[in-house]
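Undergrad: got a predicted structure here, sequence first:
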Amino acid sequence: MLIAFFIALVVGIAALYWLVLKNSAEKIAAQYSILAQTLDLELNQPEPKMRGFIRPEPSVYGRHKDRELSISVPGKGLQNTRQIETVLKLEVAHKQFAAQLTASGLLGGFRQRDSGGMKRWKGSDEVFAAAIDARTHDAETLSRLIDPGTAQSLMAILKAGRGTIYIGGGIMAYAELGLIANDSVRERFESVLALFINMAEALESS
């Protein structure tokens, strides 16, 4: 009786886990489908493995406004941990400029450990300087990129998503812990994309 009860318990837990995974995967797939349709991108939806107990994350990729764009979940977590990040990458023609921005605070400082020795940039906006940890080797260019409107958008996005923006090597990237599983997170990534396009155009014209 005890063995039968234990087997039934294990089976029940496994079934519940499978249902939770399936429900979560369906929500994420729906959000990526919306992104693919809205941005006219290719949707990559890998097939489940091990009878659905392993469900690889979807991704979208292609060209948007004549720039290469992708939104995906890299296999490696934050700082080689198991914390999963979703990353948006947009192509930019200017390859020399580099910067990194994240919300100020403990997590922001942790993320800035890989900033490559870039110096803290505060600009003339004290509110922005207090809210955002921005670093670059080219303070003059970053000052031109972050006008008052851009500063407000950056503060709203980085504080809401606790993400990080990386610029360098011809790429603008936004990385946020977690997955795109609901409308609010998807809409934040869409806001990041709109912001990146404006910043890329400003950077290329500078």
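TA: Received, thanks.
Undergrad: who are the contact partners of the most centrally placed residue in the chain?
TA: Geometric centre of the chain, nearest residue: residue 175, 3.0 Å, by Cα atoms, centre = their mean. By Cβ atoms under 8 Å, 6 or more residues apart in numbering, residue 175 lies in contact with 78, 85, 86, 87, 88, 163, 164, 166. Where C-beta positions appear, they are placed from N, C-alpha and C, glycine not excepted.
Undergrad: at 7 Å instead, please
TA: Neighbouring residues of residue 175 by Cβ atoms under 7 Å, 6 or more residues apart in numbering: 85, 87, 163, 164.
Undergrad: now render those as JSON lines, adding distance to residue 72 and secondary structure.
TA: Formatted as JSON lines, the contacts of residue 175 follow (distance: Cβ to Cβ, whole Å; DSSP: H, G, I helix; E, B strand; the rest coil):
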{"residue": "85", "distance to residue 72": "10", "secondary structure": "strand"}
{"residue": "87", "distance to residue 72": "6", "secondary structure": "strand"}
{"residue": "163", "distance to residue 72": "15", "secondary structure": "coil"}
{"residue": "164", "distance to residue 72": "16", "secondary structure": "strand"}
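Undergrad: so for stretch 154-168, mean pLDDT?
TA: In this model, stretch 154-168 has an average pLDDT of 92.
Undergrad: for this structure, what spans make up the strands?
TA: 42-44, 59-64, 67-72, 85-91, 99-103, 119-121, 132-136, 164-168, 171-177 (DSSP state E).
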